[in-house]
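Chemist: sequence? don't have it. structure:
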Ligand SMILES: Nc1ncnc2c1ncn2[C@@H]1O[C@H](COP(=O)(O)OP(=O)(O)OP(=O)(O)O)[C@@H](O)[C@H]1O
Ligand SMILES: Nc1ncnc2c1ncn2[C@@H]1O[C@H](COP(=O)(O)OP(=O)(O)OP(=O)(O)O)[C@@H](O)[C@H]1O
Ligand SMILES: [Mg+2]
Ligand SMILES: [Mg+2]
């Protein structure tokens, strides 16, 4: 299920000047490999684990060393700041970075630039030109697609509820806004009755979604904006015996969601290409090390999937269990 | 003089009983008031299904709070309950799904994991004399890290064992008495509460927990092996976390390795709202159950009313303080 | 007999000094050992830039921990420092960015926000007699909700006032002595620590904080207005949280309204690792600073070594417990 | 062949900075009451704590019935038949009396871990009955007065049916009637062959109850003497290592007629009922009464420590508001509590910090900074004048002996420069030498024009020290006597003038009593 990629053997050590000298004492015989820290926005969610596996895949393919880390929640802006700072201190060959805040990290990116460390963005961009390229999903457009699908499936009228993982993270905001704005703009007969935040905690999301469904017996649809949220919605629907009565639309994948879609409990979901995001950003970093010029935007794409295409060759590689 | 003493003792007895009744009434009445308020505010709140939802939502936090009650009665604290719960869930997942062991074995593995973690905290506290706050803070971090390590940062699903999910969400009662399909979760919570009340009220462990919380030094001077009993209390608390771990795994049909942070404060809040004093020596299981119910009723009700979540935080904060304040005023009156 | 007493007095005085020195040496030596270990393990660790990073990374938690030190010395606890910090940052952002007030006014607004929150916690604790754990747990939730409400759940950036960022990351020293460009953050931390040490050691507030922690009732019966002083201590703690709020806002060039959860435990851990007893009555500022340095050095070092994050949690948990244990053994010896 | 039940030899014990025991020795025969006396800090409690497994000795030997034994824990001591009543009350306030007495030895139910509460209560009731102690086993310990708590402690120690029973100042908090009862129990036990160690500072008790007396000084055993043949003066000189100047009844000089403090119609629930009295400048006003008469409650009320229902306070003739201890101190009133550990001292702090605590404003520079040198000088001054036995002013108060802790509290109030001092049981648990020092001190203070209220349960002390004596019973003032015509019998008559008795015997009621001995 790894994304297709050509093994670029010419990518290795010659041009890794900044890292080479200091690196020897630290990592001994592996010092020859360029080192690329991947600073993510999280590490506990399955989505990030899929990104991680993609980046590891690329590391193997291009013969570089990577480390993957991210704060425990996307609220922890300062923790990510320190992670990025520590990464820069290690004088890496390049850095892959997904910012939890679009501005707060800019000074560090400037520092990296001064030190001649190329930066590749992934997942979400920063308000700066420094990243040579950004491999990302257009979350707003993706959530809008979810809204269109929702409207289609409920007949363009009725009540829907939205459960988002949190209210301050970029992905949370973009997916919420993408969905809500699309509904408000295009479907006047659809009413969004509840917009809640479950913190990505599956148990809390479950109890929360249950309360919302209880309070709205005529609810027609439920959108969950990330894996943890949709698991909550699915559990709630299941515990209340409302399977098939509510159109459930999700985001990302994961075993539970895949099973629900196959079983007809969930209508379908938006998937990004997490493995591809991880792969592409490391690939771009390697290219930057080698002095190649890069396209500013690497669109890794997003896709609607449901029971009909879930096993297709196009979708299957994008999903993780 | 003889008469006077007899009199004083009797008076104190009576006022003691009265205060006790008042306490239960009071915590209960706070719950009732909240319940009535939401019932009036929304017709959807008071449906049997929603009431059942509230009870189910109380189950995990309630069971964690039961364990914490014992610890707090000894004048200790346990910050590790949430992540130990998660570690137990993960271990159950490893046993049932990865190793294919029978479900009862998986449950025992979960309970043992929690108990062991509690035992280690207890040993740090009782033997190494590390303050409970620090020992359990360390255990919190360790259990959290281990959950991720053991699960390889992936949820472990119980898809091969569909019956596992029935532990919480099935309804044994519903099978026996059709129409009364109360989920097992509710019975597990109340069953665990009964066991806890029995241990606290009728066994040596409960007695020594109160004694240690009341005056640890005096208890030691009375020849009680305080270190051992204190360790046992933390192990018992850990066992409840282990049970909560099995429960949450069953509820979510998976062991989610990143859960658990913040659960400790919610459990402690339930205990304290229930009238257990953080300085130790007193506390009731009934109070804790009511405290946990107050929290989950509040959360559910505010959701039903669609109160914005940032305001929900503020309201919950205010009510936690108020609930404790009312209890304090009551005691002062006494 | 007089001679003997004199003699003993002298001995004890000396051994007292020795023990005191040993304590400082010991906390310090834990830090040194960690530092040496990482220096040997990675050449990137001991670069001046990274050492400066560590110091800067200590700044926010260190300042929070300073405030918590006073509270813990009174045998209290403050769980709200993290979210009060965030609320202060948000208020500074509102003042500077939304209202366009001058930066110094923004700083004062931040400090006052923190102080007010601390004052309210203090009043709940000292006047309403709500246990510190609950009062500050309530304040934690309230401040968290208010941060989101006030900021409208969006970060507030300081882009119109580029100099705001210089508060932390600029280098006044660097401007004066070229080549020594230590960021201001480091000086703010040590400046705040000096102020804290002065307040603790040389002023009435510090003395009464220790006395209250040692025996609150005896202090009250000595004619000290315990309620007022206790309130003042929480307000002082809040002021340090306010300062930390300004610092984190400057550091991130933005007020991030969802930050702050978990900071309270890290601050408390720094205080306790630094040798301050959770049962009150004793504690040093130097210890707290060293405790905060130990935590940030550990975090930084483990990252530099690219230890997997889940193992970082486990290792940090173990070291927090060990650091406190070493302190306990030392005291036992003494 | 055990003539001796216990023999302790060459016992050494050091605490940091203190050599508490220096080759101390002690022995106990079966069926004897062996008193252990010595100044505060002589090492009595430490020696007995070693015997009861609380401290480990550094060196030495304990022989129990011809066998050398190790006593590593209280539990081990209990198993060897040794139990101890501690100087401090050690009850679990949240537990009932029965639960307290049998803690660690609860009767079990059918299953081993289950408790049999009924059996527990029955057992305790029996035990109390054997001591003629009329208490409900189901009362919570917190609801008892100190005296009753002490009786429960004694009951607990007895319940072990030990071979060796150590009593560390058991009578310090007891009334005369309770002391008589205790002595009856002790004699009974002695006749059964139990060996009893009896620590007390009330030397007059020793002749009544003990067979032999061992005197300790500075951690060493000075001598063991026969109680009947040795005079109290001899014992005292052995204790202090010098003959102390035991002034015959020190009749203090007459106070002036200015009124320093007047309390009018003070009421608080059942415990203070319409209390009014006056305190003159330079006067020592004794408050007598039985345990629980309400003297402490009155003192705390005057000091603002507890809220009152009604009442007026006049200081130097002016009506003042006293709502908190801070107000009281501001009006020059100091209160020396009867329970110094709980209410008098910050045990974890230094001697000097405790001495400074009430008079802190004296040591403040501009900017609210603390003048440490001034604190040290003052503390050193009081350590010298009060002869506080401490290795240094930087010693933690926790590590001082009980008596020396008491002196630290006195030093604190002297530092605060208060004009009106309320001493609640100032000599409780204090050795004879220190006692006489405190008496001198009280006299000196009175002569300097300070006004003193002295609450004491020791009648000889009250009679000897006071200009006037107020007697309380059940929260009322039942009588007032001048020192000239007061006798122990007279005081006891007022002290037992209970409501019930008053009406039954048709004796003067409370109000008449006050009029009869009218104030002013
Ligand atoms: N835990 C301790 N730490 C340090 N010093 C101690 C400790 N316990 C007792 N001491 C010291 O040991 C000495 C003996 O104290 P001990 O309590 O045995 O005296 P005591 O004879 O019982 O006096 P008192 O009549 O006042 O009760 C004193 O100098 C005391 O300060
Ligand atoms: N902890 C307590 N709980 C309940 N009642 C108490 C308590 N302490 C004291 N009392 C009651 O308060 C009244 C007054 O007690 P107080 O201690 O003032 O007497 P006292 O004359 O000062 O005796 P003492 O000699 O102990 O100082 C008594 O009726 C007593 O039973
Ligand atoms: Mg003693
Ligand atoms: Mg009294």
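Modeler: On my side now, so go ahead. Model, not experiment: these values are computed from the prediction. Ligands and ions are numbered 1, 2, ... in the order given.
Chemist: tell me which strands and helices the one helix or strand residue D:49 maps to is in contact with?
Modeler: According to DSSP states H and E, residue D:49 maps onto helix D:44-51. Under the contact definition 3 or more C-beta pairs under 8 Å, 6 or more residues apart in numbering or on different chains; DSSP states H and E, helix D:44-51 sits against strand D:4-15, strand D:18-29, strand D:33-38, strand D:59-64, strand D:82-85, strand D:164-168, strand D:195-199. C-betas here are computed from N, CA, C, even on glycine.
Chemist: Next, whatever residue of the stretch 401-520 of chain D ends up closest to ligand 4: phi, psi?
Modeler: Proximity to ligand 4, evaluated over the stretch 401-520 of chain D using C-beta to the ion, is greatest for residue D:424 at 5.7 Å. Torsion angles at residue D:424 (phi, psi; degrees, to the nearest 10) stand at phi -100, psi 110.
Chemist: Count the residues that sit near the residue lying closest to it once chain neighbours are set aside.
Modeler: Leaving aside its chain neighbours, residue D:424 sits nearest to residue D:338 (4.1 Å; criterion: C-beta to C-beta, 6 or more residues apart in numbering or on different chains). Per other C-beta atoms under 10 Å in any protein chain shown, the neighbour tally for residue D:338 reads 21.
Chemist: need the helices for the chain, in chain order.
Modeler: Picking chain A for this. All helices of chain A, identified by DSSP state H, fall at A:17-27, A:46-62, A:77-89, A:106-114, A:139-154, A:170-186, A:202-215, A:227-239, A:255-263, A:274-289.
Chemist: Hmm, no, I was thinking of chain B.
Modeler: Using DSSP H, helices in chain B cover B:2-41, B:48-73, B:81-93, B:103-126, B:132-151, B:163-169, B:172-176, B:184-202, B:204-214, B:216-221, B:226-252, B:263-273, B:285-304, B:309-333.
Chemist: Could you check the second one against chain A for contacts?
Modeler: Yes - taking C-beta under 8 Å from any C-beta of the partner chain as the criterion, helix B:48-73 and chain A are in contact, through B:49-50, B:53, B:56-57, B:60.
Chemist: follow-up on the earlier one: ok, the residue of the stretch 401-520 of chain D closest to ligand 4 - contacts?
Modeler: Contact analysis of residue D:424 by C-beta atoms under 8 Å, 6 or more residues apart in numbering or on different chains lists D:295-296, D:299, D:335-338, D:455.
Chemist: if we can go back for a sec, now the helices of chain A as CSV including mean neighbour count and distance to residue D:227?
Modeler: Formatted as CSV, the helices of chain A follow (neighbours: other C-beta atoms under 10 Å in any protein chain shown; distance: least, C-beta to C-beta, whole Å):
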stretch, mean neighbour count, distance to residue D:227
helix A:17-27, 16, 81
helix A:46-62, 23, 83
helix A:77-89, 23, 74
helix A:106-114, 17, 84
helix A:139-154, 21, 93
helix A:170-186, 20, 85
helix A:202-215, 26, 73
helix A:227-239, 27, 81
helix A:255-263, 20, 85
helix A:274-289, 28, 91
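Chemist: Include mean pLDDT and distance to residue C:106 when you put those into TSV, please.
Modeler: Putting those into TSV (pLDDT from 0 to 100; distance: least, C-beta to C-beta, whole Å) gives the following:
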stretch	mean pLDDT	distance to residue C:106
helix A:17-27	39	39
helix A:46-62	92	36
helix A:77-89	87	19
helix A:106-114	90	19
helix A:139-154	94	32
helix A:170-186	92	25
helix A:202-215	90	35
helix A:227-239	91	36
helix A:255-263	91	45
helix A:274-289	93	37
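Chemist: so which of those helices comes closest to ligand 4?
Modeler: Closest among the helices of chain A, using C-beta to the ion: helix A:202-215, at 54.6 Å.
Chemist: tell me, how many neighbours does residue D:237 end up with?
Modeler: Residue D:237 has 14 nearby residues by other C-beta under 10 Å.
Chemist: how far away is it from ligand 2?
Modeler: 31 Å (C-beta to the nearest ligand atom, to the nearest Å).
Chemist: and what of residue D:325?
Modeler: 17 Å.
Chemist: could you list every residue that touches residue 41?
Modeler: No chain in the question, so chain A it is. A:48, A:70-71, A:74, A:80, A:98-100, A:123-124, A:169-171.
Chemist: Correction: the question concerned chain D.
Modeler: D:389, D:400-401, D:403-404.
Chemist: Which residue comes closest to it once chain neighbours are left out?
Modeler: residue D:401 (3.5 Å).
Chemist: right, and that neighbour touches residue D:388 too?
Modeler: No - the pair residue D:401 / residue D:388 is not scored as a contact, 10.2 Å apart, by C-beta atoms under 8 Å.
Chemist: Great, nothing more from me.
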